[in-house]
Structure formats: C-alpha cells, structure tokens
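> Attaching a predicted model along with its sequence, questions to come.
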Amino acid sequence: MANPGYGKRSAPDQHPRTAHDFAHLPPREAAIASYIDRLPDGADISVKTLAKTLPYGQCALRTALNRLQQAGHLRRGRERLADTENVRWITRTWFTRTARDDDWWAAFTRGDVPDEPPDRPRPTRSRANILLAALGRETPALSLSEAECARLAPLVTDWYARGATDADVTRALTNGLPTPVHHPAGLIHNRLTTKLPPEKPTPRPPLRILECAECGVPGRPEALPGGICGACRGERAPDRHHTPLQASAIHARAAEIRAEMAVRRHERTPA
C-alpha cells in the first residue's frame, strides 16, 4: 500500500474489462495504463515505484501519467474524509479504465456519478428473490414457492435500501425459529415487517478538488480541461475588471485562504 496521494483509487462507473480498453493510446501509455488497471486499490502508483517494476524511467513515467490524465483515464486531487469530526483532506489519484471527458470528471467531483453504468445487464431475478429462494436450502422449514418469493421480495428490497446485507436479512429470518414452522411465508412476512431496520441517515455528498497535473494548483474542473490549468497550457489570464469587492466577499476569500494554509500545514506535518 502507498502513502496518501500515491495509492490508486478506482473511479466508479467503469465498463467491464476488455482486451481493447487502451487501444486508443500510444503503446507506452497503453502498457502503463493496463498495468495500473490491474493493480488493487491502494497500490503505490508513484513514478518512483512504477519505475522499479516497469521498463521505463521516472521522467518517461511522469510524462505517460500526464498523458493518461489528458486522455481522461486519471485525475489527481483531494477529497475530504467522510464521518470525521475534524475537516481532513487526503490527496487522491483516481484511475479509470474507461476514458472520461471533462464533464464526467466535473460530475465526479460533485458526487453525481452513479456506482454502476446504466447499460450494465441486470440479473433475470432480483437479489431479494434469490435470497428468499435460497432460504429453503439452508433452512428447510422456510422453503417458499416461486409465487411467495415474488410477493415477499419487495419487503427484502426495503431492507437493502436501509443498508442491510444478505447476512443481516438471513439472520433476522432464521434466528430463533419456532418448532414447527406452520406457515413459512407468513412468518417471513411478519419478521420482514416488524424487524425492519431504521432508515440510513442521508450521506453527505463527497467534497473533491482536482489539481493541475503540471504544477499541482487546485482548481474547479472547468478550469482544468484535460487536468491542466490555463497557466500550464500557456493561456493568458483574462483581464480583470477592477470592481471594488464587497466586505463579505473579502472575508469569505480570506477564510478560504486560511483554510487552504491549514491544509498545507497539516500535509507538511510528519505523522
């Protein structure tokens, strides 16, 4: 595993792996992308570590990673850790075998990207139906008919919507069974209804900031097309209108600067 900032972090919404995922890239970049794609999350993908394994030097690897970023396979940035009392930002390196455009990465920073692509084939039977049908194999007293499975499946789906796992549902349905079970479908219906767990709290949307691949300056996604800021692309900064700022805007900007300085001090502090 790697220190924060160098470990691979798989982006969501990727298509299934094929032999032609990186055919649009030059041979060197395709080979590096294919290697990174098969590494587990958390694997060190810094140029120093990659140079120990791949037949390329650090300069060539740094150039290749920047080209993967421009092609939409990689982005660098920061993400705020969820469920922490104090605000803590961690440097991230996100990778996807499915090349994405700037609009997709902008949606990703807002947390608007689904976990699964919409065109992924769905199973012929639902997860809830499969669980109910399997109960009878492990606990014969809870054997159900196909019609009973179909009728009870929406109740199991409600459990999934509240964060329950297959093990949670099975445990609730099989623990402490009466002997004998006279009406399996009725017993399961009663337990699914009376033992329904509470709703999950609404998760906070992720907070992510992308950074320029060349100079590391943070910026909004629309200011970093291809992962490169305007200054590194050689663009001239737009003329600024010298309109006096409101006091509230000045205070807000000062607060942002203080927060950024605190983050940078925290990153420089040894663990």
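Yep, it's here. Residues are numbered from 1 along each chain as shown.
> dump the residue contacts of R110.
205, 208 (Cβ atoms under 8 Å, 6 or more residues apart in numbering). From N, CA and C alone the C-beta is placed, and that goes for glycine too.
> Which pLDDT value goes with it?
Looking at R110, its pLDDT stands at 83.
> Tell me how many other residues crowd M261.
By the criterion of other Cβ atoms under 10 Å, M261 has 10 neighbours.
> go on, I257?
By other Cβ under 10 Å, the residues close to I257 number 10.
> Could I get the full set of strands for the stretch 1-150 of the chain?
Remark: strands assigned in the stretch 1-150 of the chain by DSSP state E, counting those that start in this stretch are 8-10, 74-80, 89-95.
> In terms of secondary structure, what does the last one contact?
Meaning strand 89-95. Using 3 or more Cβ pairs under 8 Å, 6 or more residues apart in numbering; DSSP states H and E, the elements in contact with strand 89-95 are strand 8-10, strand 74-80, helix 247-268.
> let's see 10 Å
strand 8-10, helix 27-37, helix 58-70, strand 74-80, helix 102-110, strand 208-211, helix 247-268 (3 or more Cβ pairs under 10 Å, 6 or more residues apart in numbering; DSSP states H and E).
> And the ones you listed: which comes nearest Y160?
Shortest distance between Y160 and the helices and strands packed on strand 89-95, using Cβ to Cβ, is found for strand 8-10: 22.8 Å.
> Adjacent strands (with direction) for the closest one?
Its sheet considered, strand 8-10 pairs with strand 89-95 (parallel) by DSSP bridges.
> got the angle for the partner strand vs helix 27-37?
With axes from the mean of the first three to the mean of the last three Cα atoms, to 10 degrees applied, the angle from strand 89-95 to helix 27-37 works out at 120 degrees.
> For strand 89-95, list every residue counted as buried.
89, 91-95 (16 or more other Cβ atoms under 10 Å).
> what do you get for stretch 70-78?
71-78.
> just how off-centre is stretch 57-66 within its chain?
In terms of Cα atoms, centre = their mean, to the nearest Å, the gap separating the centre of stretch 57-66 from the centre of its chain is 25 Å.
> Not including adjacent chain positions, what is the nearest residue to the residue sitting furthest away from the middle of the chain?
What lies farthest from the middle of the chain is P180; by Cα atoms, centre = their mean that is 46.4 Å. In this structure, P180 finds its nearest non-sequential neighbour in A141, 6.8 Å apart by Cβ to Cβ, 6 or more residues apart in numbering.
> so can I have CSV of the buried residues of strand 89-95 showing distance to V47?
Formatted as CSV, those follow (distance: Cβ to Cβ, whole Å):
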residue, distance to V47
W89, 23
T91, 15
R92, 17
T93, 11
W94, 17
F95, 14
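> With distance to A185 and pLDDT added, can I get those in JSON lines?
Shown next, in JSON lines, are those (distance: Cβ to Cβ, whole Å; pLDDT from 0 to 100):
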{"residue": "W89", "distance to A185": "51", "pLDDT": "78"}
{"residue": "T91", "distance to A185": "53", "pLDDT": "82"}
{"residue": "R92", "distance to A185": "48", "pLDDT": "85"}
{"residue": "T93", "distance to A185": "51", "pLDDT": "90"}
{"residue": "W94", "distance to A185": "46", "pLDDT": "92"}
{"residue": "F95", "distance to A185": "47", "pLDDT": "94"}
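> Nearest to Y160 among those residues?
W94 (27.1 Å).
> and the residue nearest to L210 when sequence neighbours are not counted, what does it touch?
Excluding the flanking residues, the one nearest L210 by Cβ to Cβ, 6+ apart is G77, at 4.1 Å. The contact partners of G77, taken as Cβ atoms under 10 Å, 6 or more residues apart in numbering, are 9, 89-94, 105, 108-109, 208-212, 216, 218-219, 221, 224, 227.
> Let me know which of the strands of the stretch 1-150 of the chain is the nearest to R28.
Of all these, it is strand 74-80 that lies closest to R28, at 14.7 Å by Cβ to Cβ.
> Understood, closing this out.
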